[in-house]
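J.: Sequence and computational prediction follow.
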Amino acid sequence: MTLNEIIAEIKRLKPVEQQRLKEFFITSIASFYPSQPIFQEINERKNKEGYTCIHCNSKQVVRFGRYTVKLGTKDVERQRYRCKDCRKTFTDVTNTPLYRTHKPEKWIEFIKCMLEGFSLRKSAELIGGIHYVTLFYWRHKVLSALEQMDFNAFSGIVEMDETYFLYSEKGKRNIQDRKPRKRGGSSRFRGISHEQVCVLVARDRQKTTYSGVLGRGRIAKTQLEKAIGSKLSSDNTLCTDAWRAFSTYAKSKSMEHYRFKSDGIERVKGIYHIQNVNSYHGRLKSWILRFNGVATKYLDHYLSWFQFLEIVKHRSDGGSISKMIVESCLFPINETYNSLRTYQY
């Protein structure tokens, strides 16, 4: 049977059968992704300017033997380093999401599940041998690293707009001042209030994007400066809605500014509009619905997750898997299971 004939047969399957086949391929094929090239790329990217001690930032680092990691049924040797100044040892994955995690051979399958958007319970079922609570901590260790991905500055026209999420204490016991809500619920107040969390999204025409939680309630000028002041200059042209904080901020930065009322007829002025950022809001809110509410203290993590998915165009192929693992290992994190569990907004 040729490949085209196999594909034709798959198309004849019922949707439920196609889903079962997809799950089979995830569990069966993910294990064939080569992990060694990924670790080699981590090594090359982290040490492109020479070895640096992760403990004291000294350049006086030498190779200090090798250690063995078990990947499934194989034993793989990895390099260890030692700093001559602080005398401490480390590896390429020290203080990364992979540091001190058991069953490292499962990470490729787990990242595949993250890119597919599967729930923790579904991921645990597909991967096998890992509890879904453990996967929760794996997820947030990766997102703690991706949250540190940054860029130098916006270029040209920058669209900026805010959107709001209901303040959530999902997973917390003994919530004060109100009754617990089920699956999101709704605010007790009309309009924008302190029960809502403001998320700012700024995006230029090259798709360079900032998204982050600014605080509860309406946006303020000081919050804008703190969040993205270093990314903007008078060379940028700002496109926003009509909220006065944007106007005041643009004037303080000496930026050309175009305002668009949400209920106005004129939504485009030549090449100036906020359609790109509004479209981003729509995709973000549609994607985040699958989690049935996100605790506000973790919301920045989920914003970083979605931003990465936009970069890889929501693909879950081998290149996207490698990129997510490598990028998350380039930023130091010191998160532990305990620190993630006791996270505070």
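T.: Here it is on my side, so go on.
J.: C-alpha from now on. contacts and neighbour counts both.
T.: Will do.
J.: Downstream of the helix or strand bottoming out on mean pLDDT in the chain, the next helix or strand is which one?
T.: Least confident element among the helices and strands of the chain, by mean pLDDT, DSSP states H and E: helix 15-29 (a mean of 69). As assigned by DSSP states H and E, the chain's next helix or strand after helix 15-29 is helix 36-46.
J.: Who are the contact partners of the residue nearest to the spatial centre of the chain?
T.: Centrality entry for the chain: nearest residue to the mean C-alpha point is residue 305, 2.1 Å, by CA atoms, centre = their mean. When contacts are counted by CA atoms under 8 Å, 6 or more residues apart in numbering, residue 305 touches 143, 146-147.
J.: Keep only those of those residues that are in helices.
T.: Residues of these located in helices (DSSP state H): 143, 146.
J.: my guess is residue 62 meets residue 82, correct?
T.: Yes - the pair residue 62 / residue 82 is scored as a contact, 5.5 Å apart, by CA atoms under 8 Å.
J.: quick one: which of these two has more around it?
T.: residue 82 (20 against 15; other CA atoms under 10 Å).
J.: Tell me the pLDDT of the residue nearest to the centre of the chain.
T.: Residue 305 carries a pLDDT value of 96.
J.: does it sit in a helix or strand, and which one?
T.: Counting by DSSP H and E, residue 305 is found in helix 299-311.
J.: Tell me which residues of that helix come out buried.
T.: By neighbour count on 16 or more other CA atoms under 10 Å, the buried set for helix 299-311 is 299-310.
J.: now the helices for the stretch 101-250 of the chain?
T.: Taking DSSP state H, counting those that start in this stretch, the helices of the stretch 101-250 of the chain run over residues 107-116, 120-127, 132-146, 221-228, 244-252.
J.: In a helix, residue 339, correct?
T.: Yes - applying DSSP: H, G, I helix; E, B strand; the rest coil, one finds residue 339 inside a helix.
J.: Just give me the neighbour total for it.
T.: Neighbours of residue 339 (other CA under 10 Å): 10.
J.: I'd like to know how far it sits from residue 333.
T.: 11 Å (CA to CA, to the nearest Å).
J.: before we move on, the earlier item: could I get the helix holding residue 305 in PDB with only the CA atoms?
T.: Below are the C-alpha coordinates for helix 299-311, written out as PDB (Å, rounded to 0.1, in the frame of the first residue of the first chain):
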ATOM      1  CA  LEU A 299      -1.500  34.500  33.900                       C
ATOM      2  CA  ASP A 300       1.900  35.900  32.700                       C
ATOM      3  CA  HIS A 301       3.100  32.300  32.100                       C
ATOM      4  CA  TYR A 302       0.100  31.600  29.900                       C
ATOM      5  CA  LEU A 303       0.700  34.800  28.000                       C
ATOM      6  CA  SER A 304       4.300  33.800  27.300                       C
ATOM      7  CA  TRP A 305       3.100  30.300  26.200                       C
ATOM      8  CA  PHE A 306       0.600  31.800  23.700                       C
ATOM      9  CA  GLN A 307       3.200  34.200  22.400                       C
ATOM     10  CA  PHE A 308       5.600  31.300  21.800                       C
ATOM     11  CA  LEU A 309       2.800  29.400  19.900                       C
ATOM     12  CA  GLU A 310       2.300  32.500  17.700                       C
ATOM     13  CA  ILE A 311       6.100  32.500  16.900                       C
END
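J.: On the C-terminal side of that helix, identify the next helix or strand.
T.: Sequence-wise, the next helix or strand downstream of helix 299-311 (DSSP H and E) is helix 318-328.
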